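Asks: Predicted model follows, preceded by the sequence.
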Amino acid sequence: MRGQAYTLESVIAALLILSALVFALQVTTVTPLSASTSSQHIENQQRSAASGALTAATEAEALKPAVSQISSNGTYYGEGLDGAYVSDYPPGEFGDILDRTFGGRGLAVDIKISYQTGDTSWQRLQMVQRGSPSDNAVTASKQLTLYDSDPIYDKNGDKHGTWNGTDPLEVNDQVNQNSDVYNVVTVEVTVWRM
Amino acid sequence: MADVNVAGLLGEDRTRGQLILITALLLAVLFVGLALVLNSAIYVENVSTRDSGDDSREVLDQRAMFAGDLQNTIDNANAVTNTSGSYDEVEDPFKRAAANWSSSVERDNAKTGGIASVRVDSTTEGAKLSQTNSTRNFTDGGVNSGNPDWTLAENVTDAGTFQLELQNQSLIDMSGGAVSNILSDTDQVLLGGVLFHETFHVEVETADGDVWRAYMFQAPDIGDEDELYVYTEEPGEDILTIDQTVSSLIGDSCAGDVEGGTATVDIRNGTVGGSPCSDLSYYEDEIVGTEHNISYRNARTDGELDEDAAEKIIDRYNSDGRLDELEDGVESLFNLLNPLLGLLGNTEDELIDVWDDVGLGGDRASGTYEVVVDSSGERDNFNDVGNSDPTAQTVVYSAEIVTTQRSGSASLTTETEVRWSEAEP
Amino acid sequence: MTMTDRTRAQTTLDFAIAMGIFLLAVSFVFTFIPSLTAPFVDGTQEQSVVSDRVANHLAEGGLGDVNEPGVVAEPCLSAFFNESNVSASDGCGFTGNNTGEHLGISDRSDVEVELVRVYPGNPATDRESTLCLTDSGTVSDYNQSSDCDVSYNQSTAAPPSEGDSVTVSRRTVTVASEDCAFADPSNGEACDVTMYVRVW
């Protein structure tokens, strides 16, 4: 005695159609340009903001003084571990530029200084740390050349040595020994939405 | 399959398959197909809205950065070496620094899969000729110290910085004082240009023999006492035969505001006291690019008129029919200054004598200047860096570089000239 | 018609229920098909592309020297923001006679470009101040100067109404140091400003 064969068949058919529809809708509802917090547009803006802030800092010649405010052991004067600035921006004009560009918008910034320690090896120094970047973080970077005779500054902004004399990054013996260049560092700014 | 039979319903014997199921399957396949089509539209959207033109913009950005970095390297090498010695002393550290810098940059770029290399093809030797003591006059230093007429540099193609800051009070006063003793009525005098042969001027002579001069003076009684005046004489003009009164010459000159007793004359950028002076832009427009010599004349004068000049003056007055006026004026002045002597009889000699007696001699300008040229300069006329003014410093003037960049989709090879930052106009 | 070869009772009812369920499902599905293409017909997607492109164009050499990306400078700024002054646009990164032509957009999109200076310490309403060209030919903002000639705010159409959706792009650019009057570049202060491009 067969039961309700038609009903069974139609139920299965309905399920089939509905699941196909659900699959199709799931796949196409959210596109890269849909208005969400991780849309492509927002990532483009953040990347442009980071790169614009670096360009503004270079034009105002505020990037080198900010990078040069370093202690003789190669750490910055922030409150975090390793001297990174965790709750505010670095002092000086560079920090002001970062504040104007990113402050008050729910964006978090990470800044790392990447320097060469040998022919093919690099090390990273943390300058600003506001947590771990999310999956949708973007990065902009800029190179900066440090010369042997360029000054380094202490916490109050007073000169307390030169890059070559004090060697905070401990690279004197490894690279660029025979010229006036101390190191070519890359300033990497990572931005993401908190 | 279940034995589904609609024979009873429709009155015929038909076997119906699972048509409903098949229809549903077909519709489901349709939807999945639609989803796939839309997926390709989404993919296109994704790729097309990524930061467009990223590669080419980055490459251009990076090229500008290379030029800036290399300029910093030149600045650093010039500042650290700070010598008046041979060019190798400056060029060597620059080349080493540039080589190290470019290999660091290459390695950095290799990290992200791009190729970027910078090569210094050639450098140009230059000299920074400067005087920093604002109370010193503009005579030369070095071996021939004290010369009032001297050449700063020969075979210059471009003086990147050509700036003089003059004490206004030290310049010749065209409108009063000793001058008004010579010319009976300064405002009415026909030969305003006569005085210019006593005035301090910068002389630029090109390889063709054209001479361009810029005269600097003050005129507190006729003009403004807080202004410094610059009159330029283009090639072909002869200041001694210019047919203008002093006040109209002042009208043709560029005036610059004097602040704190000094005003800056920037010949390369064509400004006097900060205001633009179109006459001075002759240097930038016509002379830069050709070989020329730069000299100072009349840094100090002895107040004597030579015979040629005196003859020209007399001829000029003569041709205008005012010789009597000149003779009367000179005679009365001569009597005034030499009450015991009789007349000499020859107007020319009297003129020379009178001029001498009035005593226009002395320093005609004092102040500071900075001239950055792309040749080595006349080192005999300068002291070494660290000694007294004026000094000459050997510098790297500019470098020709070739930058090669290649990244994902953009490739760029450029040859540029990068100048020392103080050699930028 | 005999009832003997029919071993199934109530087939008609069963069939009716089956078709009912199936048709219900099919009609439900057909109702939702239009929303499959909803993201693509929604107009705001192209707005973000337009605003991004316009912002890229203006920030990277459009409003200043084309060889210096990220810097905006004077003759180009007043040529762009003051439509009656089009003659000064030689050497700038745009050509044309009105804002639409300068940016290369059609009449379908309405664009507003604005340059503001950010004051992070001020309360929200005062946080941003529009830049302007002062009488003396330098660039300052409404907070700091009272003699503004040309306001650096330009639209191609009336402001958007309440219900329109607006897409905004933001860039950080620097004003060339010889034109900057709201900060002192020779003293190390930066002349960075924010540029907003709004499309609706």
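Replies: Yes, it's here. The shown structure was predicted, so the numbers you read here are calculated from the model rather than taken from an experiment.
Asks: List the buried residues of the lowest-mean-pLDDT helix or strand in chain C.
Replies: The weakest-scoring helix or strand in chain C, judged by mean pLDDT, DSSP states H and E, is helix C:38-41 (a mean of 77). Neighbour counts over helix C:38-41 (16 or more other CB atoms under 10 Å in any protein chain shown) mark residue C:39 as buried. No exception for glycine: its C-beta is placed from N, CA and C like everyone else's.
Asks: Can you report how many residues lie near residue 169?
Replies: Picking chain A for this. 22 (other CB atoms under 10 Å in any protein chain shown).
Asks: let's do chain C instead
Replies: The burial count for residue C:169: 25, using other CB under 10 Å.
Asks: With residue C:78 instead?
Replies: Neighbours of residue C:78 using other CB under 10 Å come to 18.
Asks: Local confidence estimate at it?
Replies: According to the prediction, residue C:78 has pLDDT 82.
Asks: before we move on, which element is the residue nearest to residue C:143 when sequence neighbours are not counted in?
Replies: Nearest residue to residue C:143, sequence neighbours excluded (CB to CB, 6 or more residues apart in numbering or on different chains): residue C:129, at 4.1 Å. For residue C:129, the host element (DSSP states H and E) is strand C:128-134.
Asks: Residue B:35 now?
Replies: Counting by DSSP H and E, residue B:35 is part of helix B:19-48.
Asks: Contact partners for residue C:69?
Replies: A:55, B:57, B:60, B:61, B:64, C:59, C:60, C:61 (CB atoms under 8 Å, 6 or more residues apart in numbering or on different chains).
Asks: Point out where the chain drops to low pLDDT.
Replies: I went with chain A, as the question did not name one. A:1-3, A:37-38 (pLDDT under 70).
Asks: other chain: chain C
Replies: C:1-10, C:42-43, C:83-90.
Asks: try 50
Replies: C:1-4 (pLDDT under 50).
Asks: what's the distance between residue C:28 and chain A?
Replies: 7 Å (CB to the nearest CB, to the nearest Å).
Asks: Next: residue B:381.
Replies: Distance from residue B:381 to chain A, by CB to the nearest CB: 31 Å.
Asks: how much space between the closest residue to that residue other than its chain neighbours and chain A?
Replies: Distances taken as CB to CB, 6+ apart place residue B:140 nearest to residue B:381, at 4.0 Å, with adjacent residues excluded. Look at residue B:140 and chain A: by CB to the nearest CB, they are 33 Å apart.
Asks: hang on, the earlier thing: quick one: residues in contact with the helix or strand just after the least confident helix or strand of chain C.
Replies: Next helix or strand after helix C:38-41 toward the C-terminus (DSSP H and E): helix C:44-57. The contact list for helix C:44-57 (CB under 8 Å, 6+ apart) reads A:31, A:33-35, A:39-41, A:44-45, A:48, B:45, B:48-49, B:52-53, B:57, C:39, C:93-94, C:103-105, C:109, C:111, C:113, C:165-171, C:195, C:197-200.
Asks: I'd say residue B:102 and residue B:118 touch.
Replies: Yes. Using CB atoms under 8 Å, residue B:102 is in contact with residue B:118, at 4.2 Å.
Asks: For residue 62, the count of nearby residues, please.
Replies: I went with chain A, as the question did not name one. 22.
Asks: To clarify, I was referring to chain C.
Replies: 21.
Asks: give me every residue that touches residue C:191.
Replies: Here residue C:191 is in contact with A:56, A:59, A:60, C:174, C:175, C:176, C:177, C:180, C:182, C:183, C:185 (CB under 8 Å, 6+ apart).
Asks: Select from those residues every entry located in strands.
Replies: C:174, C:175 (DSSP state E).
Asks: Redo the contacts of residue C:191 as JSON lines? Include neighbour count.
Replies: JSON lines is the format used below for those (neighbours: other CB atoms under 10 Å in any protein chain shown):
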{"residue": "A:56", "neighbour count": "27"}
{"residue": "A:59", "neighbour count": "23"}
{"residue": "A:60", "neighbour count": "23"}
{"residue": "C:174", "neighbour count": "26"}
{"residue": "C:175", "neighbour count": "30"}
{"residue": "C:176", "neighbour count": "19"}
{"residue": "C:177", "neighbour count": "17"}
{"residue": "C:180", "neighbour count": "22"}
{"residue": "C:182", "neighbour count": "19"}
{"residue": "C:183", "neighbour count": "20"}
{"residue": "C:185", "neighbour count": "18"}
